[in-house]
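Visitor: Next one to model:
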Amino acid sequence: MYKAILTFIVLWMFSFTVHAQSINISGSVNDANENKPVANVVVALLTVKDSILTKFTRTDKDGKFVLKNVLPGKYVMMKSHPYFADLLEDVDLTQTTELPLSGLISKSKLLQEIIVKTGNPIKIKGDTTIYTADSFKVSANANVEELLKKLPGIQVDKNGEIKAMGEKVEKVLVDGEEFFGDDPGMAVKNLRADAVKEVQVFDKKSDQAEFTGIDDGKTQKTINLKLKDDRKTGHFGKVDVAGGTIKNLDPRYNSNLLFSTFKGKRKLTAFLLNGNTGQEGLNWQDEQKYGGNDNMSMEMDDDGDVMFMWRGGTSDDEPYFDPQNGYINNVNAGVQYSNKWNDKTSFNFSPKYNSQRYENLRKTFSQTQIGDSSLIENASQQTNINRYNYKLKAIYDVKIDSNNSFKLTAGGNFYHTASQEARQSQTNGNSGNLKNTSLRNLTTNSDKQASSGNLIFKHKFQKARRTLSITADWNSLNNEGTNFLQSINQSYFAGQPSAAQELNQMKDYTSATQNISSKFSYTEPISKKYSFEVAYKLAYNYGTNSQLTYSYSAASGKYDFTVDSLSNEFRQNIVQQIPSGKISYSDKKLKFNFGSGFGFTDFKLTDITFGKDYIRHFTNFFPAASLNFTYKANHNFRVNYNGNTTQPTINQLQPLRNNNDYYNQYIGNPDLKPSFTNALDVSHWSSDFIKDIWMYQGFNVRSTSNSITNNRVINVDSGKTVSQPINTNGNISVSFYGGMSFKVKKIDTRFSMNP
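Guide: Residues are numbered from 1 along each chain as shown. Down below sits the predicted model:
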């Protein structure tokens with residue numbers, strides 16, 4: 001606290017000192033041809049030595065301006081307006097406080113005449129700041145990242161994260177297009193600085209806002225690199241090769257080969273990764289650079305929506321493994337091609353292949369406290385996994401004319417997994433008395449296919465902000481497999497054997513999910529500042545889930561005895577209708593919107609084996625509201641609220657036990673209710689471009705009713721745990737974040753505080 005107060009005092013004293021020595025400069029600007037005042041002219045002061053922007057303002061309706069708190073000295077003064085030629089002139093402000101009248105020449109009158117008295121390194125055009133790249137000196141063969149570090153108002157940290165005016169840069173475009181994905185580091189690290197003509201910094205609106213013309217207040221800080229005409233082609237790549245020996249282990253090696261080429265709108269990337277050091281695939285940064293994520297799998301939820309889960313997790317019966325434990329023999333290869341013709345048609349295609357072999361011996365120690373008692377488990381587990389997958393994805397985007405466009409996306413993923421897991425464990429009480437022992441061997445073979453298609457049609461009417469968009473989605477997920485379970489489980493009471501169970505079972509399982517949905521959205525302007533949006537979504541989801549468990553028969557030597565308690569077949573049908581409406585207001589400083597969607601869901605889960613239906617009708621509520629207030633330049637206040645309903649998944653609903661781990665079993669709950677979450681986010685951001693100071697603050701609140709969580713019932717005597725999902729209330733979370741950063745130019749040092 002004392003340090004924060006001291007920092008504030010130092011900053012205040014520094015500001016007071018500057019103001020005490022400064023002067024105010026005034027002047028006026030008119031149209032040289034018509035002799036009329038010109039409003040909204042950007043008047044900027046640049047240092048003579050290195051053209052750094054020190055002050056700027058705009059002229060009022062009478063063409064007058066005032067630059068406050070200017071340190072006396074020699075400057076370059078720039079006057080800029082979209083309809084007039086830029087005027088730059090040297091000024092000596094050691095004594096002068098009032099400048100003579102300046103006249104601007106209209107671009108339409110200028111023709112071939114050029115009025116430039118010095119360089120023009122920075123221009124401010126509307127909400128866009130434009131840097132002329134050649135005006136900032138960098139070393140020979142420097143990349144764009146080094147150039148950005150030279151630009152006032154832009155910072156690049158040691159990890160390559162870019163901030164402009166204190167805000168994180170989310171996108172870096174090259175000539176207005178994404179450059180091999182949306183990772184900002186891809187372009188700035190691989191393009192040469194001398195290939196860049198201009199660096200443009202602006203707040204990019206959301207895709208929906210750009211299409212409808214209705215500003216929803218959602219923006220991303222964006223940098224656009226405008227290349228020189230003779231430098232719109234190139235090649236770059238990356239080669240990493242490493243190897244070495246480890247005592248008592250096989251030699252370790254890793255090789256990454258990545259190559260990319262681009263010419264105009266055409267881009268082609270190929271990569272090959274091979275090794276056994278634990279690298280599962282492309283790292284997160286390379287995933288974004290070279291064509292998407294190879295470690296994701298698709299899953300449907302019971303709302304009919306598609307979820308993407310990390311492969312390697314517990315979804316879709318994929319065996320879990322952590323690449324940081326053990327070693328992976330990995331082959332990962334792929335190609336990505338993209339092109340755009342006539343600024344109307346674009347195509348993207350990316351086939352990929354991944355193969356993994358994983359071996360790991362893991363020993364664990366865990367302790368569970370239950371009142372005054374505790375359960376202490378020591379376990380050893382050997383895991384072997386061999387799997388591969390193929391992935392295909394294609395995107396075809398066509399702009400039919402200025403008012404119509406459509407986009408088609410199709411994908412297919414094919415997985416095969418073979419795994420074997422051997423585990424032995426022993427559980428004791430806190431006094432050392434034996435609770436249970438378990439010996440288990442689990443073998444699994446599974447195949448999975450996921451397919452998807454998406455079509456979006458957009459139409460703009462002649463009237464501004466009147467639009468229509470239609471979306472159609474199809475998704476399919478099929479999974480089938482067989483596993484063999486052999487286990488010996490011994491329970492103890494008072495240190496003596498009490499009960500034993502020996503299992504030798506085979507499970508055949510199949511699941512299939514089909515989802516078809518369609519949505520239309522229509523926007524209509526109500527007035528100059530108000531707009532209305534109405535939407536309707538219809539979705540149909542059909543799924544089956546079957547599990548047949550057989551016990552081994554010594555008489556026949558086959559798995560031919562059905563275990564009814566572990567066998568079942570389910571079928572689900574879900575029809576969902578979601579009408580929604582939203583009103584939006586947009587002004588120069590204030591933007592807000594509010595509305596809600598209502599989900600009417602008919603849910604039917606049929607237990608075919610026992611002839612029982614679980615029929616439900618839900619009415620879900622999806623309220624949302626946001627406010628964006630820019631009370632002055634580079635000062636922004638935002639409020640966002642949304643409410644969301646989450647349905648329980650089929651795995652949480654179906655009452656089937658999973659007995660792969662006898663002493664840790666999971667059972668579904670068909671009586672689960674959907675949960676509802678209220679979320680409120682408030683944030684503030686401000687930046688002083690001239691002083692190179694920025695700060696931000698924010699907090700969020702989350703409250704969930706009927707939250708779905710797991711209830712565990714633990715038998716202290718045997719150590720057996722049964723988990724089941726239940727609904728709970730009283731789930732509230734609150735968080736705060738903030739930060740401040742400023743630069744002391746005399747010592748070229750930046751100070752940051754981030755509570």
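
Visitor: Strands of the stretch 151-300 of the chain, residue ranges please.
Guide: 154-156, 162-164, 167-168, 171-174, 177-178, 196-205, 219-227, 233-246, 249-263, 266-275, 296-300 (DSSP state E, counting those that start in this stretch).

Visitor: can you tell me which of these comes nearest to residue 135?
Guide: strand 196-205 (10.2 Å; C-beta to C-beta). For every residue, glycine as well, the C-beta is placed using N, CA and C.

Visitor: What mean pLDDT does the closest one get?
Guide: Averaging pLDDT along strand 196-205 gives 90.

Visitor: which parts of the biggest strand by length in the chain are buried?
Guide: The longest strand of the chain (DSSP state E) is strand 496-525. Buried residues in strand 496-525, counted by 16 or more other C-beta atoms under 10 Å: 503-507, 509, 511, 513-517, 519, 521-525.

Visitor: still on that earlier bit, would you mind giving the strands of the stretch 151-300 of the chain as JSON lines with mean neighbour count and distance to residue 360 added?
Guide: As requested, those are arranged in JSON lines below (neighbours: other C-beta atoms under 10 Å; distance: least, C-beta to C-beta, whole Å):
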{"stretch": "strand 154-156", "mean neighbour count": "20", "distance to residue 360": "39"}
{"stretch": "strand 162-164", "mean neighbour count": "21", "distance to residue 360": "38"}
{"stretch": "strand 167-168", "mean neighbour count": "15", "distance to residue 360": "37"}
{"stretch": "strand 171-174", "mean neighbour count": "20", "distance to residue 360": "39"}
{"stretch": "strand 177-178", "mean neighbour count": "14", "distance to residue 360": "38"}
{"stretch": "strand 196-205", "mean neighbour count": "18", "distance to residue 360": "44"}
{"stretch": "strand 219-227", "mean neighbour count": "19", "distance to residue 360": "40"}
{"stretch": "strand 233-246", "mean neighbour count": "12", "distance to residue 360": "15"}
{"stretch": "strand 249-263", "mean neighbour count": "15", "distance to residue 360": "13"}
{"stretch": "strand 266-275", "mean neighbour count": "18", "distance to residue 360": "16"}
{"stretch": "strand 296-300", "mean neighbour count": "20", "distance to residue 360": "21"}
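
Visitor: Including distance to residue 107, could the ones you listed go into TSV?
Guide: Output for the strands of the stretch 151-300 of the chain, formatted as TSV (distance: least, C-beta to C-beta, whole Å):
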stretch	distance to residue 107
strand 154-156	29
strand 162-164	28
strand 167-168	32
strand 171-174	27
strand 177-178	28
strand 196-205	18
strand 219-227	20
strand 233-246	32
strand 249-263	33
strand 266-275	35
strand 296-300	51
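
Visitor: worst average pLDDT in those strands?
Guide: Ranked on mean pLDDT, the bottom entry among these is strand 296-300, at a mean of 32.

Visitor: Quick check: can you name the pairing partners of the longest strand of the chain and their directions?
Guide: Strand pairing for strand 496-525, determined by DSSP bridges: strand 467-493 (antiparallel), strand 530-553 (antiparallel).

Visitor: Generate TSV for those strands, with distance to residue 694 as supplementary columns.
Guide: TSV is the format used below for the strands paired with strand 496-525 (distance: least, C-beta to C-beta, whole Å):
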stretch	distance to residue 694
strand 467-493	35
strand 530-553	32
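
Visitor: Of those strands, which is nearest residue 46?
Guide: Nearest to residue 46, of those and by C-beta to C-beta, is strand 530-553 at 40.5 Å.

Visitor: Now do the buried residues in stretch 131-148.
Guide: Result for stretch 131-148 [16+ other C-beta under 10 Å]: buried residues 131, 132, 133, 134, 136, 138, 143, 144, 145, 146, 147, 148.

Visitor: helices and strands around the host helix or strand of the last one, which ones?
Guide: In this structure, residue 148 sits in helix 144-150 according to DSSP states H and E. Helices and strands in packing contact with helix 144-150 are listed as strand 154-156, helix 184-190, strand 196-205; criterion 3 or more C-beta pairs under 8 Å, 6 or more residues apart in numbering; DSSP states H and E.

Visitor: Would you mind writing the CA trace of the second one as PDB?
Guide: Meaning helix 184-190. Output of helix 184-190 as PDB, limited to C-alpha atoms (Å, rounded to 0.1, in the frame of the first residue of the first chain):
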ATOM      1  CA  PRO A 184      -0.500 -12.400 -33.600                       C
ATOM      2  CA  GLY A 185       3.100 -13.800 -33.200                       C
ATOM      3  CA  MET A 186       3.000 -15.600 -36.600                       C
ATOM      4  CA  ALA A 187       3.200 -12.500 -38.800                       C
ATOM      5  CA  VAL A 188       5.400 -10.300 -36.600                       C
ATOM      6  CA  LYS A 189       8.100 -13.000 -36.100                       C
ATOM      7  CA  ASN A 190       8.300 -14.200 -39.700                       C
END
